[in-house]
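Peer 1: Show me the folded form of this:
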Amino acid sequence: MPIQISAQYVKELRLKTGAGMMDCKKALQESEGDFDKAVENLRKKGLASASKKAGRRTTEGIIESYIHAGSKIGVMVEINCETDFVARRSEFQELSRNIAMQIAACPLVEYVDIESIPTNIVKQEKSIEMSKEDIVNKPEKVRKQIVEGRINKKLSELSLLSQPFIRNPDITIRDLINQNISLMGENIQVKRFVRFLLGEGSEQSRQHFSEEVANMIKS
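Peer 2: From the prediction side, this is the model:
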């Protein structure tokens, strides 16, 4: 006989994962009330669900904008879904807002995902890393392993979907989108984005404004 799960416990799991109420209740029953295990199981199911929807066409959506306090940094991002009905849902609009704020807070991010990074950029980064003095005298196999690790880290820094979500660093932006795909039942994709920074070109200004955004979000 399934164990009894309180409605509050189910609600907490739903808020954390974005899964449906019945799915959350079932996950908690299957994990015998183990919250972390239930989260893990739902994420696995959510990711599988998102993967099945990934090939669907996304011709609807919204263009979200975010202007940081002081009007010195701004973001525009296009988030696509399958239907206008989902595009008008408050959850979809909240997701779009969160992604826009994430972009504002991540000055190193230049591409939607790692797959979008041009091959010539990857080759250039590999060439630079292979020539660095701290590994030049190491065995070839070791050098390649070190470079591979550094390149993966660099590409992740450039990729929006690889970023830890600023409101919950335990998940990435990709995880956040997959949770919303599971919640809303449609494919959701970040199409493109652009960041505007007053006096762009100053690295000090970039760091200053990204810290301001992060601090504002935490407050």
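Peer 1: Confidence-wise, which helix or strand of the protein is lowest on average?
Peer 2: helix 203-218 (a mean of 56; mean pLDDT, DSSP states H and E).
Peer 1: For this structure, give me the ranges with low pLDDT.
Peer 2: Residue ranges of the chain with pLDDT under 70: 1-3, 15, 17-20, 45-55, 201-219.
Peer 1: Spatially central residue in it, please.
Peer 2: residue 173 (0.9 Å; CA atoms, centre = their mean).
Peer 1: show me the contacts for that residue.
Peer 2: Neighbouring residues of residue 173 by CB atoms under 8 Å, 6 or more residues apart in numbering: 99, 102, 160, 161, 162, 163, 165. C-beta coordinates here come from the backbone N, C-alpha and C atoms, glycine included.
Peer 1: Most widely separated two among the residues you listed?
Peer 2: 99 and 162 (13.2 Å; CB to CB).
Peer 1: quick one: which of the two has more around it?
Peer 2: residue 99 (25 against 18; other CB atoms under 10 Å).
Peer 1: wouldn't that one be in contact with residue 66 here?
Peer 2: No. Applying CB atoms under 8 Å as the test, residue 99 and residue 66 come out as separate, 9.0 Å apart.
Peer 1: Which parts of the protein are strands?
Peer 2: If DSSP state E is used as the criterion, the strands of the chain fall at 60-67, 73-81, 164-165, 168-172, 189-197.
Peer 1: Distance to residue 125 and mean neighbour count added to those strands, as a markdown table?
Peer 2: Output for those, formatted as a markdown table (distance: least, CB to CB, whole Å; neighbours: other CB atoms under 10 Å):
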| stretch | distance to residue 125 | mean neighbour count |
| --- | --- | --- |
| strand 60-67 | 29 | 17 |
| strand 73-81 | 25 | 21 |
| strand 164-165 | 21 | 16 |
| strand 168-172 | 21 | 13 |
| strand 189-197 | 21 | 16 |
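Peer 1: Adding distance to residue 27, write those out as CSV.
Peer 2: Converted to CSV, the strands of the chain look like this (distance: least, CB to CB, whole Å):
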stretch, distance to residue 27
strand 60-67, 29
strand 73-81, 25
strand 164-165, 21
strand 168-172, 17
strand 189-197, 26
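Peer 1: of all the ones you listed, which lies closest to residue 111?
Peer 2: strand 189-197 (9.4 Å).
Peer 1: so how far is that closest one off the chain centroid?
Peer 2: 13 Å (CA atoms, centre = their mean, to the nearest Å).
Peer 1: Please apply the same query to stretch 172-179.
Peer 2: For stretch 172-179 - counting by CA atoms, centre = their mean - the centre lies 5 Å from the chain centre.
Peer 1: List the buried residues of it.
Peer 2: Neighbour-count burial for stretch 172-179, with 16 or more other CB atoms under 10 Å as criterion, is recorded at 172, 173, 174, 175, 176, 177, 178, 179.
Peer 1: how close does the nearest residue to the fifth one once chain neighbours are set aside get to residue 140?
Peer 2: Sequence neighbours aside, residue 165 is the residue nearest to residue 176 in space, at 5.1 Å (criterion: CB to CB, 6 or more residues apart in numbering). Per CB to CB, to the nearest Å, residue 165 is found 38 Å from residue 140.
Peer 1: And the helices in this structure, which stretches?
Peer 2: In order along the chain, the chain carries the following helices (DSSP state H): 7-17, 21-30, 35-53, 84-87, 90-105, 119-130, 140-158, 173-184, 203-218.
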